[in-house]
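**Student:** sequence and computational prediction follow.
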Amino acid sequence: MTPTWLYDAAMRVFAWLGLDRLRRRLVEDARGRVLEVGIGTGLNARFFGRAAWPVGIDPDRAGLLAARRRGARRLVVARAEALPFRDGAFDEVVFSLTLCTIPEPRQALGEAVRVVRPGGLVRFLEHVRPPGLLGRLAHGLTPAWRHVAGGCHLDRATDALVREEGLTLEGERRFLRGFGWEARARRT
């Protein structure tokens, strides 16, 4: 695990470069019971609107303490691959720069589909393997990067995994030369 102070310091740089705008767009219109998978240090907490009742999960207790200091109130120590909630318990599920570090992302996506109600929304803000030369570069850097960035895989094709999980994409956008990915999908 990356120390929370180091993670937050790195995220401050990305926030300055526009990440906070993307975080806000991801969750500001969320509604109902919302599960944030991998809440980390709670950097999305301030962007949820009043219509959302967010619940955050993360396996890292230190991160959850930081999330609580940022205003997140409903927090659960749990792994994304084994969510401790009943089927259909949430109206929406949010993944924000999380699926790159989850050891079994396919299993985590399956759990998200299980706990979101039929017709519920799953929101994504992730980095994904870019096409072409950048993708090959990301693949080459990933072994070393994983060790310094808390298990982050620069080359994970998260967008492809989401399509394989049977969610119906309602909209998606690639940015940063294909490295960044925003999407919304519904459980059928």
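**Tutor:** Ah, there it is.

**Student:** can you give me how far stretch 143-162 is from the chain middle?
**Tutor:** 12 Å (C-alpha atoms, centre = their mean, to the nearest Å).

**Student:** ends of that stretch, what's the gap?
**Tutor:** One end of stretch 143-162 to the other measures 23 Å (C-alpha to C-alpha, to the nearest Å).

**Student:** which element is the residue of the chain most remote from its centre on?
**Tutor:** Going by C-alpha atoms, centre = their mean, the residue of the chain most distant from its centre is L133, 25.3 Å out. Using DSSP states H and E, L133 falls within helix 132-148.

**Student:** so what's the gap between that helix and the chain middle?
**Tutor:** So, by C-alpha atoms, centre = their mean, the centroid of helix 132-148 is 20 Å from its chain's centroid.

**Student:** can you name the next helix or strand after it?
**Tutor:** helix 158-164.

**Student:** show me what that following helix is packed up against.
**Tutor:** helix 105-115, strand 116-127, strand 168-175, strand 180-186 (3 or more C-beta pairs under 8 Å, 6 or more residues apart in numbering; DSSP states H and E). Heads up, the C-betas are built off the backbone N, CA and C, glycines and all.

**Student:** quick one: low-confidence ranges for this structure?
**Tutor:** Low-confidence segments of the chain (pLDDT under 70): 1-3, 5-17.

**Student:** rewinding a little: out of the helices and strands packed on helix 158-164, flag the one nearest G49.
**Tutor:** Taking C-beta to C-beta, strand 116-127 is the member of the helices and strands packed on helix 158-164 nearest to G49, at 13.1 Å.

**Student:** who's in contact with that closest one?
**Tutor:** The contact list for strand 116-127 (C-beta atoms under 8 Å, 6 or more residues apart in numbering) reads 22-23, 26-27, 30, 35, 88-100, 112-113, 154, 158-159, 162, 167, 170, 176, 179-188.

**Student:** what comes up buried for that strand?
**Tutor:** 116, 120-127 (16 or more other C-beta atoms under 10 Å).

**Student:** would you check which pair of these lies furthest apart?
**Tutor:** Applying C-beta to C-beta across the buried residues of strand 116-127, the maximum distance is between G120 and H127, 24.1 Å.

**Student:** rewinding a little: now do the buried residues in the helix holding L133.
**Tutor:** 134-135, 138, 142, 145.

**Student:** any chance of a markdown table for the residues you listed, columns distance to A72?
**Tutor:** Shown next, in a markdown table, are these (distance: C-beta to C-beta, whole Å):
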| residue | distance to A72 |
| --- | --- |
| L134 | 34 |
| G135 | 34 |
| A138 | 31 |
| T142 | 30 |
| W145 | 27 |
